[in-house]
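S.K.: Sharing a model prediction with you, sequence too.
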Amino acid sequence: TTVAHHHAMLKTAYNWALEEDLLLVNPAMRVKSPPALRPKVRPVWSMEEIARTVIRARGLQVHAAGVLAGFSGLRVGEISGLLWTDLDLERGFVTVSRTVEEDEDGTHLEYPPKNGKARTVPLPAVACEELRACLTAQKEYRLAQGGAWNEAGRVVPKKDGTQMAPSTLKSQWWNWVARQ
């Protein structure tokens, strides 16, 4: 980890200062090294598993999220921030220009993506087909909702068209996957 690395660097620098008689004690020796972190084990799905899951998710609110995560590797905050104008389904690209986080009181905060720069990610043809179906279904739902729909252009909105929180999106997806 970064903390362990910095601790080791400080110990080394202080040890050098001891050898040069610049210090009498190494203050870093009184600080315990941080414990080694065990990496999270995350499932890695094959393309067949992704395709099967996405097909089963058709008609669900989180269908588009499964398509985008599975076929392009977008992060949940990036998916939560996507607008339909960010997708070019004819050419097979999605432009990631924002990510969404929640603060302590549940307010959605939009930021540039992880490295601060927008990026364009290719989408396979099957993902574009699935996303076109999502867009069509969303348009039909929007028409049925009438004035109750908030037209924000979100790819994965809440049922009223407003922005879905990343935590909600993630929990809805994994709760659904767990029931399969």
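M.R.: Looks like it came in fine.

S.K.: so where is this structure shaky, pLDDT-wise?
M.R.: 1 (pLDDT under 70).

S.K.: any chance you could map the helices in it?
M.R.: Using DSSP state H, the helices assigned to the chain run over residues 2-19, 47-56, 63-72, 76-81, 125-145, 166-179.

S.K.: export these to JSON lines and tack on distance to residue 154 and mean neighbour count?
M.R.: Where you see a C-beta, it was placed from the backbone N, CA and C, and this is true even at glycine. Converted to JSON lines, those look like this (distance: least, C-beta to C-beta, whole Å; neighbours: other C-beta atoms under 10 Å):
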{"stretch": "helix 2-19", "distance to residue 154": "34", "mean neighbour count": "13"}
{"stretch": "helix 47-56", "distance to residue 154": "19", "mean neighbour count": "14"}
{"stretch": "helix 63-72", "distance to residue 154": "10", "mean neighbour count": "24"}
{"stretch": "helix 76-81", "distance to residue 154": "8", "mean neighbour count": "25"}
{"stretch": "helix 125-145", "distance to residue 154": "9", "mean neighbour count": "15"}
{"stretch": "helix 166-179", "distance to residue 154": "11", "mean neighbour count": "15"}
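
S.K.: can you redo those as a markdown table with distance to residue 91?
M.R.: Formatted as a markdown table, these follow (distance: least, C-beta to C-beta, whole Å):
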| stretch | distance to residue 91 |
| --- | --- |
| helix 2-19 | 39 |
| helix 47-56 | 20 |
| helix 63-72 | 14 |
| helix 76-81 | 19 |
| helix 125-145 | 9 |
| helix 166-179 | 26 |
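
S.K.: so how far is residue 36 from the residue most central in space within the chain?
M.R.: Note on the chain: the residue nearest the mean C-alpha position is residue 75, at 2.0 Å, using C-alpha atoms, centre = their mean. As judged by C-beta to C-beta, to the nearest Å, residue 75 and residue 36 stand 25 Å apart.

S.K.: OK, contacts around residue 33?
M.R.: For residue 33, the contacting residues are 4, 7, 8, by C-beta atoms under 8 Å, 6 or more residues apart in numbering.

S.K.: so the second one touches residue 34, yeah?
M.R.: Yes: judged on C-beta atoms under 8 Å, residue 7 makes contact with residue 34 at a distance of 6.7 Å.

S.K.: Look up the closest residue to residue 134, ignoring the ones flanking it.
M.R.: residue 64 (4.3 Å; C-beta to C-beta, 6 or more residues apart in numbering).

S.K.: Might one say that the one you found is in contact with residue 155?
M.R.: Yes: look at residue 64 against residue 155 with C-beta under 8 Å: they come within range, at 5.2 Å.

S.K.: All set now, cheers.
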